[in-house]
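# attaching a predicted model along with its sequence, questions to come.
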Amino acid sequence: MFSELKQLPADPILGLSIKFKADPNPNKIDLGAGVYKDEAGHTPVLACVKTAEKYRTENETSKAYLGQAGSPLFNEKMNALMLGEHRVIAENRIRTVSTPGGTGALRIAGEFINTCKPGATIWASNPTWANHPGVFKAAGLNVRTYPYYDHENKCIDFAAMLEVLKQVSQDDAVLFHACCHNPSGMDLNPEQWQQVADLAKEIGFTPVVDMAYQGFGQDLDADAYGLRLLADRVDQMIICSSCSKNFGLYRERIGACSIIGASASAADIINSVLLSVVRTNYSMPPAHGAAIVETILSSDELTDQWHGELKEMRDRINGMRQLLVDKLVANGVERDFGFITAQNGMFSFLGIDKDQVQRLQDEYSIYIVGSSRISIAGISPDNVDYLSQSIAKVL
C-alpha cells in the first residue's frame, strides 16, 4: 500500500523554522514563525493563564468527554467575546462547537459547507494564510481567489476586490479575515466593510470569517467590527475563531466554529448537521484550553488581567513596527517602508524580491518566507539594529 508514496516537500514556513534552529549563527533571527514572542524571543505563558490552570488543576473532578460541542460555557463566552451583545445571541440564532484550534474550526466549517453543497466554491483573498487553500480543498471544496493586496502600492486593491466579489454566486462561500490579515497586515476599514456587507446581503453568498487575532489589531471590539457588521446584514454566516494568539494557548489547540442561522429553528437544524460533522472528524474536542479560557472570562479579575496582558502584546508589536521603520531610515534606506506602521497584527510584506530574501538567509541568518512576509513579533530591541543593517545591505 505504501510503496507508491512520493516524498512531499516540507511546509515552507515549518521548514524555515527547522533551518533556523540548525543555524549556528548567534545573530540569527527567525521572522518566519507566526507566533508571538516577547523581547527576549520567548513565547510566554500569560499570568492569567497560569492562574486559570492552577484553578483547573485544583477543581477538575473528571476526565470524561464533554460532548461533541465541547464546553457550553466556553462556547457561550466565545460568542460573547466575538459578538458582544449582538442580537443574534438574543435571538438564539448561533450554534457553536469547540474545535482543535483555529485550523480545526476551518476544517469543520469546510466540511459543513461541503455537506450542505458538495463541491461548493469558497473564495479566499489573494494572498491569504498559506494553509487556507489546503484545509478547504481537503474538506472537498473548490477554492478560488479574489484580489486583495496590491504589492506595488502596499495597500488593499479594494476596487478589484469588489469587482470579483460581484461575480460570486449566492451558493458560494467567501472567506474574510476579521482583522490582522495574514500575511499582509492590511485590514479593511469600516467604510470598506460596509460595502462588503452590502454586497453579501445583495448577492446572498455565505461569509466565512476567520477570527484568529482578535485583540492583536486595535482592541477586542474594534477588531470584531467587520464580523459584527456582517452578522447584522446577512441571515447566515460562519465564524472560525482561535485562542492560540490572544490567549497564548498555541499548543493547547483550542478554537471554535460558530454558525449563525436565519432563525432559532434553522440554527437547531444547522447544529444537528454540525455535530454530525464533528462526530466523523475528531468525535470530541479537547477540554483543557477551553477550561482555561472560560475560567478567565468568567472572572472579572482574570479578564482585566488578560486585557492588560493582551494590550502589552499588541503594544509591543506596534512598537516594533515603528522601530523597524525608524531604524531602516537611520541606516540610510531610501525606500519608503512607512506602510509597515499602517498595518495591524503580526505580519507584513517587506516588498523585497526573492533573491534579497535568500541573501538575508544565506549571508545574515535572517529567516523570512519567500514572499517577503515577516513576523513582526520576531523583532526585538536587541536584534532590530542587525536586522535593519542587513536589509539595508541587501537593498
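Perfect, I can see it now. Residues are numbered from 1 along each chain as shown.

# now the helices: where do they sit in the chain?
Applying DSSP state H to the chain gives helices spanning 12-22, 47-59, 72-83, 87-90, 101-116, 132-138, 158-165, 190-203, 225-233, 264-279, 288-297, 300-330, 354-364, 384-394.

# out of the ones you listed, which is closest to Cys240?
For Cys240, the closest of these is helix 101-116, at 3.8 Å, according to C-beta to C-beta. (Glycine included, C-beta is placed from N, CA and C.)

# find the nearest non-adjacent residue to the residue nearest to the spatial centre of the chain, please.
In the chain, the residue lying closest to the centroid (C-alpha atoms, centre = their mean) is Ala212, at 2.9 Å. Excluding its sequence neighbours, the residue lying closest to Ala212 (C-beta to C-beta, 6 or more residues apart in numbering) is Ser242, at 4.6 Å.

# quick one, what contacts the one you found?
By C-beta atoms under 8 Å, 6 or more residues apart in numbering, the contact set of Ser242 is Gly101, Gly102, Ala105, Met211, Ala212, Ile254, Gly255.

# which residues does Pro207 bridge with?
On the basis of DSSP bridges, Pro207 is bridged to Val174.

# ok, now how distant is the spatially closest residue to Leu302 that is not a sequence neighbour from Thr303?
Excluding its sequence neighbours, the residue lying closest to Leu302 (C-beta to C-beta, 6+ apart) is Ile296, at 4.4 Å. Per C-beta to C-beta, to the nearest Å, Ile296 is found 6 Å from Thr303.

# and if you look at Ala231?
As judged by C-beta to C-beta, Ala231 and Thr303 stand 23 Å apart.

# one more: Met313?
Here Met313 is placed at a distance of 16 Å from Thr303 (C-beta to C-beta).

# between these two, which one's more packed in?
Neighbours were counted for Met313 and for Thr303 using other C-beta atoms under 10 Å; Met313 has more, 21 against 15.

# excluding its backbone neighbours, what's nearest the more buried one?
Tyr36 (5.6 Å).

# confirm for me that the one you found is in contact with Phe347.
No: using C-beta atoms under 8 Å, Tyr36 is not in contact with Phe347; the gap is 11.7 Å.

# returning to what we had before: show me what contacts the residue nearest to Met313?
By C-beta under 8 Å, 6+ apart, the residues touching Tyr36 are Thr43, Lys245, Gly248, Met313, Ile317, Met346, Ala377.

# any idea of the pLDDT on it?
Per-residue pLDDT puts Tyr36 at 96.

# return the distance of it relative to Cys179.
Using C-beta to C-beta, we find Tyr36 at a distance of 15 Å from Cys179.

# repeat for Gly308
Distance from Gly308 to Cys179, by C-beta to C-beta: 20 Å.

# so what's Leu328 up against?
Phe337, Ser388, Ile391, Ala392.

# put together CSV for the residues you listed, with neighbour count and distance to Asp353 on each row.
Converted to CSV, the contacts of Leu328 look like this (neighbours: other C-beta atoms under 10 Å; distance: C-beta to C-beta, whole Å):
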residue, neighbour count, distance to Asp353
Phe337, 20, 15
Ser388, 23, 18
Ile391, 24, 12
Ala392, 17, 15
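
# many thanks, have a good one.
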